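Visitor: predicted coordinates and the sequence they were generated for:
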Amino acid sequence: MQFANGIWQAAWDAYRINLKTVLIVVGLALVFDLVTDYFGGASSSSRSVADLFIWGMLAISIHGTILLNQVDLATTNSKLLGPFVLRSLALLALMMVPTFAAIIYFYEPDSLWLTLLKALPVIGAAALVVFALLGTWLPATVVGTDKRFGSALARGTKTFLYTAIRLIIGPGLIQGIITAVVMTIITRGIIVGEIYGAAGFSFLDLVFWPMAYLVRAYSVALLAVILSRAYLIAEQAMAQTKA
């Protein structure tokens, strides 16, 4: 299957078309940070679930544009969000086993950041395998066709290399750059709390976080484009096999 544009251009086009959803999710992410900071911060589990709901809205809208030719779908069909988040949680749960194993193995009692840095290759590999194999479960939820786990796995076996390569050169590359920037900031001696809100929201937060979330929104759009295209390729291949 041939596509008119590469994944980067397609993601940018979908990003611009769904700008309403982009601004909504960025605003929600900022409000969540402000509220949780006011009440002393959020646990990692509650933040993860909140992230899935917030950024899931954008993913749904991007899938809707690529697969259904609709704009800002998450704002007009709220019934999609629940099933989409549940499947996202299931994929996240599959990633947790190797993630926790890596954190335990590389644990540094004096530095959480060093522990995460050492475990990052394992975490990244787990995410890559899970999304390359099962990621089409998410666009199938938006389209409303075959939403079974087994069908997602069958699609993933047909598009694993296509998806994995593009996940590496797309969202993986962006995440790598972000990680490098954060680690540079830390090693330069800037207090982490001044950026992440532990010392209260500052002017730096109000500049840094909107920019960071706009970049993250593009990364989500890129991921959704890759998974949507993998879904289309797999569905076409499976239809040809049946024929």
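Guide: That came in fine, so what should we check first?
Visitor: show the average pLDDT along stretch 170-187.
Guide: For stretch 170-187, mean pLDDT is 80.
Visitor: what is the least confident helix or strand in this structure?
Guide: Ranked by mean pLDDT, DSSP states H and E, the weakest helix or strand in the chain is helix 192-196, scoring a mean of 45.
Visitor: show me what counts as buried in the helix or strand residue 61 falls within.
Guide: Using DSSP states H and E, residue 61 maps to helix 44-68. By 16 or more other Cβ atoms under 10 Å, the buried positions in helix 44-68 come out as 49-67. All C-beta atoms are positioned from the backbone trio N, CA, C, and that covers glycine.
Visitor: ok, stretch 19-36 next?
Guide: Neighbour-count burial for stretch 19-36 flags 21, 22, 24, 25, 26, 28, 29, 30, 32, 33, 36 (criterion: 16+ other Cβ under 10 Å).
Visitor: tell me what the lengthiest helix in the chain is packed against?
Guide: Secondary structure of the chain per DSSP state H: the longest helix is helix 203-242. Contacts defined by 3 or more Cβ pairs under 8 Å, 6 or more residues apart in numbering; DSSP states H and E place helix 203-242 against helix 7-17, helix 19-38, helix 44-68, helix 137-143, helix 149-167, helix 173-187, helix 192-196.
Visitor: show me the shaky parts of this protein.
Guide: For the chain, the stretches with pLDDT under 70 are 38-45, 182, 185-205, 243.
Visitor: which one, of the helices and strands packed on helix 203-242, ends up nearest to residue 1?
Guide: helix 149-167 (9.7 Å; Cβ to Cβ).
Visitor: now that closest one against helix 203-242, angle please.
Guide: Using axes from the mean of the first three to the mean of the last three Cα atoms, to 10 degrees, one finds that helix 149-167 and helix 203-242 are set 120 degrees apart in direction.
Visitor: gap between helix 149-167 and the chain center?
Guide: Its chain's average C-alpha position is 16 Å from that of helix 149-167, according to Cα atoms, centre = their mean, to the nearest Å.
Visitor: which strands and helices lie in contact with the helix holding residue 61?
Guide: If you count contacts as 3+ Cβ pairs under 8 Å, 6+ apart, helix 44-68 packs onto helix 7-17, helix 19-38, helix 73-76, helix 81-105, helix 137-143, helix 203-242.
Visitor: can I get these in TSV including distance to residue 164?
Guide: TSV is the format used below for those (distance: least, Cβ to Cβ, whole Å):
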stretch	distance to residue 164
helix 7-17	13
helix 19-38	26
helix 73-76	27
helix 81-105	15
helix 137-143	16
helix 203-242	10
